[in-house]
Structure formats: C-alpha cells, structure tokens
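Asker: coords below, sequence missing:
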C-alpha cells in the first residue's frame, strides 16, 4: 500500500474486503503483515494473503462459480421490481442449497467451502455465511446494493450472518 496503517486498521481493511467481495472465496481468512516501527508504534504497509487453492484449482473453481451465477441470472425474472428479483434468489437458494449441519458443528477450517459463495452456489451446501455471501453476490450482480451483516441469533446467541439489502428504495 502507499500508506501505513496500524494492525487493527489493517485487519479491518482485510475483513471488510472479504465481506464486500464474496467472489474471492479462494482467499484464506488468515494473513500476515509487514511493516516497521515509527517511534513506539508498529505500522504496516504490506498485507500478505494466502490462497486456499492452487492457481489451476482457482481458475477451475472461478469458472464453475461464474457458470452457476450465469445460469441463475439467466433464469431471473426481467423486472425493475427489486423485491421480485430478491424473492427469486431467495427461493433459488432455498431449493438448491442445503444447510451444512456438519460444517456448522465443526471447525471452519475443515469445511471452508460451506462458508463461501462457492459452497452455496456450486456445491449446494453452506452455512449461514455461505448463504449470505451467495445472496450478496447475486443481488449485486443485478445492481441491487447488498451487504453481509454479522451478529447473533436472538434465541441462543449463536453467531449468525444475513443480508442487508436496498430493495425498491428502502
């Protein structure tokens, strides 16, 4: 980067990037930082990311995801009513993706795809994060602003993800 950031800001930058760009499902959640000392403060100007797939695996997986998205968008109703589009994507995800209980009860590192748009749209198995990222990607493809929201369920205070979307002006 052409700027330096403290560790907290660099972490926030990477987490925000991952949340806003579900199509980069092949990036590892872990990373390294490089920087230097400025007085008593450590500052960082380099973020070293890791990939979860080799280059050839990434290329194949990206093509699979692009094909799935193209198929879904091809069947999407042509309308200016954002609600109809959102409902179509909702119904598609409910019909084509199953909640991955095994992944939900295991370490995220052992079931990485279940937490991604790839798991939801290509493999048809995901946890809430995968569903939310899939919805975000699909809505954004139709120029409907959407983001992933993180929080906790009311019933049992388990961590959860869902979407905040701008539908028909609200």
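Answerer: Thanks, I have the structure now. Given the structure is predicted, the values throughout are model-derived calculations rather than measurements. Numbering: from 1, shown residues only.
Asker: low-confidence ranges, the protein, go.
Answerer: Within the chain, the segments meeting pLDDT under 70 span 1, 108-109.
Asker: go with 80
Answerer: Scanning the chain for pLDDT under 80 picks out the ranges 1-3, 107-110.
Asker: what ranges does it have for its strands?
Answerer: Using DSSP state E, the strands of the chain run over 27-38, 41-51, 98-99, 125-126, 146-152, 159-165.
Asker: relative to strand 27-38, how tilted is the second one?
Answerer: Pointing back at strand 41-51 there. Orientation of strand 41-51 against strand 27-38 (axes from the mean of the first three to the mean of the last three CA atoms, to 10 degrees) gives an angle of 160 degrees.
Asker: list the buried residues in strand 41-51.
Answerer: Across strand 41-51, burial judged by 16 or more other CB atoms under 10 Å covers 43, 44, 47. The C-beta positions use only the backbone N, C-alpha and C, and glycine is treated the same way.
Asker: name the residue most distant from the centre of the chain?
Answerer: residue 39 (37.2 Å; CA atoms, centre = their mean).
Asker: ok, the residue nearest the centre of the chain to residue 13 distance?
Answerer: In the chain, the C-alpha nearest the mean C-alpha coordinate belongs to residue 22, at 3.2 Å (CA atoms, centre = their mean). The gap separating residue 22 from residue 13 is 17 Å, by CB to CB, to the nearest Å.
Asker: cool, residue 64 as well?
Answerer: As for residue 64, its distance to residue 13 is 29 Å (criterion: CB to CB).
Asker: got a list of what residue 9 touches?
Answerer: Not one residue lies near residue 9 by CB atoms under 8 Å, 6 or more residues apart in numbering.
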